[in-house]
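A.B. asks: The sequence and its predicted three-dimensional model are supplied below.
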Amino acid sequence: DSLPTPVVDSLHHKQISPINNFFMQSYYDRYKNLHDSDYENFLSQEVSSGLCEPDNLDFVLRLSDLKRNLTGEGSHRTVSTSIKFQIKSLSELLSYSCEFIIIERLPSGVFADPFELQHLVQRGVFSDIAVFGDTNLELPSFMSNRSAVEIHLVVDPNVLQRPTDLNIELPLHARYQSLNESGYSTVEFGAPDMLARCNTKEKVENPYCFFKLEKDGVNLYGPRIVWRIPSGIKTHANLVSAFTFIAASLSTLAIVVSSLYYSNS
Amino acid sequence: MAKEQPYSYHDALGLRVNIWKPQAQRSRLPTSRIKKMLEYEIEARRMLAVSLICTLCHASYCLFYSKISMASLDIRSLLVFSAIFRFILIVYGEWQDTHMEVRYTDVDYLVFSDAAALVAVGDSPYKRTTYRYSPLLAFLLIPNSFIHRSWGKFLFSASDILVGYFIYYILKLRKVPENLCNYSVIIWLFNPFTFTIGTRGNCEPIVCAMILWIIICLLKGNVLQSAFWYGLVVHFRIYPIIYSIPIILVLDPNSFPSHQKPVIRNWSAVQGERPKDGSGWHTLHNLFKSIFTWNRVIFGLISGLVFLFCTGLFYCLYEWEFLHEALLYHLTRTDPRHNFSIYFYHIYLHYGHDTSVVEKLISFLPQLLVQLVLIFCFAQDFPFCLFVQTVAFVALNKVITAQYFVWFFCLLPLILPWSKMKLRWDGLSCILLWIGAQTHWLMWGYLLEFKGKNVFLQLWAASLLFLAANIYILVMIIRNHKYASVFKALEYANSKTAAKLE
């Protein structure tokens, strides 16, 4: 009863977001790895070229607040993003149906589990979600590439008028870090990119019309997230190796001696 | 993905952590709740450990000191009772899965189920990432998709009960008194580690049942069938490959003649008797004297063919994906993430560097040497040999997760009737030491994984302690074991019948 209503508008979801219609898919079709410069070039090319209708979202709604927070302890945490919109024209907004796309470029030290996220989609938390790049859970950060998470939210415009923020909680996991003298390495997140894809409810959708929700002039709270992850200490290497092999040898010796001794006595 | 997915984290704590949010509650999961759930999981493990102590203590107490007559507790009622108990647990698990935040079902079970669903529609089970088993398992679980999703749990729990019955059967074959048989069966059937593993949907009970069935086939002189199952079990889960040499050794022509059944020694005959034959040099001498006996050749040939057939068949069906996921992954697995193994921190500190051949050899050598010596010393006391081999193999492995412990738990009841160890205080101290060392490790693991503290060194030291505990217990078990070759040597048996005739 106290549970919040799902933000996802499942009715519109079916109409708008065909499966595999991911923005980042076209990035990865073109580039092999995630690099900030490639990504930014790509983003500026792909985002609305004026042939779309509506040709500008700015007069309908724009971002007003963006709050970022990292919650939890240890290797399994959640990045929460809470967004507030400023609605310029309510009547106009109600005539559209919008899908919001949040692109979270993850630093190499952390990963998102695609199976876990898929589960969230099934529970109606997100309309759709995909993880691009390395999703191998076992690789340490220095052996893996960066990954990106693309979250789709089809939101009923009526939800947007409510005073409550739009909340997105993304569960993330720490990879094993490269060795470090201080014993901790720091992983930092920037703010996510937000795109919107809107169509008037009557018109046939144009899947290529993305609008970037500009972050200039937005009230940013906690824009940089810092996650300290324990890392192996290089100076331990010799001690650990030596004692590991001594322990293995002593154990071997103990078993060998006792087996030979007691099997004959 | 057709099915729900849990919040699943890989088995970095030795066990897989699985957290679940019921489908009924369609909401986002607050982080505080996730944290709470993780704590529950730790708490659940702690409770599991405590109940394990209680059950083991209770069972062992009964075993040695109880004056209660065991006549009323026959094997049939034990099996029926544990079957009902497991049924209730599975039903309870279903309830917990839908009503509570901590899921009862093992994360791996969902992986198997997804893989089975893929197979059911004609796809490759390896499309489900982290499915790292033989496709046979996915085939076995196909009814999950159209009978009930708990089908696999029933299958695994049935194997688990079968293991209980096999333990009884093996001990009976070796003429162990009824009450000792029952107590040994209790140690398997009512071990919390065991009954939770099957009912949560872990596939290890199937492997255990196959291993025990192989032992039964060998005891009954059925080499052909044991070879078939051995080939299959090695295909299914590679680790039983360590049993190949003791099996070959036990097929000694001196005790296991080609065309007649071997004679099993009675339990009572061994009590108070010194071993006369069958160990060490004698076995080795027999091996080289007649390495190619009919039984050995048949065993090697059939098991090899079954293994190659299964592997070949699935290679044809699923190609490299199968070889890579089900075989090579397990053979080459070096995990830098924390686990019970003493090697984890060393592997992490050197991950990504090219390890030299010498280094690889150094870490492989202790395991190999220990296996060879244990086989050399105990091969003719076949179940005991398998038990000590498995304990030593797991203790010195490069990766150790909690499910590996089931590998030797199923063999433990087979050796208890031959142990001189008194429960008070040797047995009890062994149990407490093992659980204590493991709990100590889990505490540091919790601080690292769930509190984000850099305790790598302490955790590694806890692994060393856990290894020490394992080795101490293994040595205690070896020291207190009454060595008894399973089969009578032929000359010995013959001379005895001759003496009788005289």
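C.D. replies: All right, it came through fine.
A.B. asks: now B:Met291, what's its secondary structure?
C.D. replies: You called it Met, but residue B:291 is Ile. coil (DSSP: H, G, I helix; E, B strand; the rest coil).
A.B. asks: Give me the distance between it and B:Phe409.
C.D. replies: To B:Phe409, B:Ile291 is 34 Å away according to CB to CB, to the nearest Å. C-beta coordinates here come from the backbone N, C-alpha and C atoms, glycine included.
A.B. asks: what about the two, which has more around it?
C.D. replies: Each of B:Ile291 and B:Phe409 has its neighbours counted (other CB atoms under 10 Å in any protein chain shown); B:Phe409 has more, 20 against 10.
A.B. asks: give the contact list for that one.
C.D. replies: Applying CB atoms under 8 Å, 6 or more residues apart in numbering or on different chains, we find B:Phe409 in contact with B:188, B:191, B:193-194, B:208.
A.B. asks: which of the residues you listed lies closest to A:Trp227?
C.D. replies: Checking the contacts of B:Phe409 against A:Trp227 by CB to CB gives B:Phe193 as the nearest, at 35.2 Å.
A.B. asks: so the closest one sits right up against B:Trp407, yeah?
C.D. replies: No. If you go by CB atoms under 8 Å, B:Phe193 and B:Trp407 don't touch, sitting 11.5 Å apart.
A.B. asks: hang on, B:Val399 in a helix?
C.D. replies: No. Using three-state DSSP, the assignment for B:Val399 is coil, not a helix.
A.B. asks: can you give me phi and psi for it?
C.D. replies: phi -130, psi 130 (degrees, to the nearest 10).
A.B. asks: Now for chain A, the helix or strand with the poorest mean pLDDT.
C.D. replies: Every helix and strand of chain A was ranked by mean pLDDT, DSSP states H and E. The lowest is helix A:10-16, at a mean of 38.
A.B. asks: Of all residues in chain A, which one is closest to chain B?
C.D. replies: Taking CB to the nearest CB, chain B has its nearest neighbour within chain A at A:His119, 3.3 Å off.
A.B. asks: Spell out which residues of the stretch 351-500 of chain B are next to chain A.
C.D. replies: Neighbours of chain A within the stretch 351-500 of chain B, by CB under 8 Å from any CB of the partner chain: B:351-352, B:362-363, B:365-366, B:369-370, B:373-374, B:376-378, B:388, B:392, B:395-396, B:448-457, B:460, B:464, B:467-468, B:471, B:474-475, B:478-479, B:481, B:483.
A.B. asks: And for B:Leu433, nearest residue in space, chain neighbours not counted?
C.D. replies: Residue nearest to B:Leu433 in three dimensions, not counting chain neighbours: B:Ala469, with 4.9 Å by CB to CB, 6 or more residues apart in numbering or on different chains.
A.B. asks: what's around the one you found, how many residues?
C.D. replies: 21.
A.B. asks: Please give the element, helix or strand, for it.
C.D. replies: Using DSSP states H and E, B:Ala469 maps to helix B:456-479.
A.B. asks: can I have that helix written out in PDB, keeping just the CAs?
C.D. replies: Extracted in PDB, the C-alpha atoms of helix B:456-479 (Å, rounded to 0.1, in the frame of the first residue of the first chain):
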ATOM      1  CA  PHE B 456      42.200  -8.500   1.800                       C
ATOM      2  CA  LEU B 457      45.200  -9.500   4.000                       C
ATOM      3  CA  GLN B 458      43.000 -10.600   6.900                       C
ATOM      4  CA  LEU B 459      40.700 -12.500   4.600                       C
ATOM      5  CA  TRP B 460      43.600 -14.300   3.000                       C
ATOM      6  CA  ALA B 461      44.900 -15.100   6.600                       C
ATOM      7  CA  ALA B 462      41.400 -16.500   7.300                       C
ATOM      8  CA  SER B 463      41.800 -18.700   4.300                       C
ATOM      9  CA  LEU B 464      45.100 -19.900   5.600                       C
ATOM     10  CA  LEU B 465      43.400 -20.700   8.900                       C
ATOM     11  CA  PHE B 466      40.600 -22.500   7.200                       C
ATOM     12  CA  LEU B 467      43.100 -24.600   5.300                       C
ATOM     13  CA  ALA B 468      44.900 -25.400   8.500                       C
ATOM     14  CA  ALA B 469      41.600 -26.500  10.000                       C
ATOM     15  CA  ASN B 470      40.900 -28.600   7.000                       C
ATOM     16  CA  ILE B 471      44.300 -30.300   7.100                       C
ATOM     17  CA  TYR B 472      44.100 -30.800  10.900                       C
ATOM     18  CA  ILE B 473      40.800 -32.500  10.600                       C
ATOM     19  CA  LEU B 474      41.900 -34.600   7.600                       C
ATOM     20  CA  VAL B 475      45.000 -35.700   9.600                       C
ATOM     21  CA  MET B 476      42.800 -36.600  12.600                       C
ATOM     22  CA  ILE B 477      40.500 -38.600  10.400                       C
ATOM     23  CA  ILE B 478      43.400 -40.500   8.800                       C
ATOM     24  CA  ARG B 479      44.900 -41.100  12.200                       C
END
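A.B. asks: Summarise which helices and strands it is packed against.
C.D. replies: Packed against helix B:456-479 by the contact rule (3 or more CB pairs under 8 Å, 6 or more residues apart in numbering or on different chains; DSSP states H and E) you find helix A:236-264, helix B:344-349, helix B:382-395, helix B:428-451.
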